[in-house]
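K.L.:
Compute the structure for the input listed below.
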Amino acid sequence: MRTKSPSPPPIHTIGHSNHPMGRFLELLRGAGIAVLADVRSVPHSRRWPQFRRRDLAAALADAGIDYAYFGEALGGRPADPGCYRDGRVDYDLVAQTPAFRAGLDRLIALVADRPACILCAEKEPLDCHRTLLVARRLAERGIPVRHILADGRIEDHDEIERRLLAAAGRAAPDLFDAAPGQAGDAALARAYALRADRIGFAGRKGRGARKGHDETPP
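P.N.:
Sure thing, here's the model as predicted:
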């Protein structure tokens, strides 16, 4: 009799937003988090200094939660100019880089036996590259992803994608634009692209490029 392979443990995500540190730790404890993986390219906040990398790591250590930094590989503001189109970061290009793939491999290996959470800045998961870039690629690898919301509720990534499609509305392609069996995937990919264009970091090239708000201190 063939044994069924155990499903991989879920990875959570969270945005620090403007939470006091006590509330932030409460949210992590509520989800049973043992290690926090910081995917901010710039791991500090001007308005909320408790989330500067050093201060955050110290607070987590006091709470018995490990800290690991992944911003160089998995951040939303990559240093590689090849990850930008017309001055705006392109998450599809980022996901194809060896650095991102290696970072994702390291993340999955690190959290294989511990409840883990990805950290970025934005309160709303759909306004952050932790969802549109990192969580998307984790889900494609079969890793369950759950998003910790500001009020403590947990939202599965499937529900996030339903909200993403709903937000795209008529801008998403018609189901008949794609081959049978691929229409849903095409609509979802288009919805991801539309949202990423709205929130992704801009500023590598071109004057007057509009700034996205991903990774922006709240």
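K.L.:
and the residue nearest to the spatial centre of the chain, how far is that from Arg23?
P.N.:
Centroid check for the chain by Cα atoms, centre = their mean gives Arg130 as the closest residue, at 0.9 Å. Using Cβ to Cβ, to the nearest Å, Arg130 is found at 19 Å from Arg23. Quick note: C-beta positions are derived from backbone N, CA and C, even for glycine.
K.L.:
Quick check, pLDDT for the residue nearest to the centre of the chain.
P.N.:
Confidence at Arg130, expressed as pLDDT, is 98.
K.L.:
Excluding residues flanking it in the chain, which one is nearest it?
P.N.:
With Cβ to Cβ, 6 or more residues apart in numbering as the criterion, Arg130 has its nearest non-adjacent residue at 4.1 Å, and that residue is Cys120.
K.L.:
Gly82 versus that neighbour, what's the distance?
P.N.:
22 Å.
K.L.:
Give me the more crowded residue out of those two.
P.N.:
Remark: of Cys120 and Gly82, Cys120 carries more neighbours, 28 against 11, as counted by other Cβ atoms under 10 Å.
K.L.:
Tell me the pLDDT of that one.
P.N.:
97.
K.L.:
Same check on the one 5 residues further on?
P.N.:
Note for Pro125: predicted pLDDT of 97.
K.L.:
check contacts around it.
P.N.:
Residues in contact with Pro125 (Cβ atoms under 8 Å, 6 or more residues apart in numbering) are 13, 15, 131, 135, 147, 149, 155, 160.
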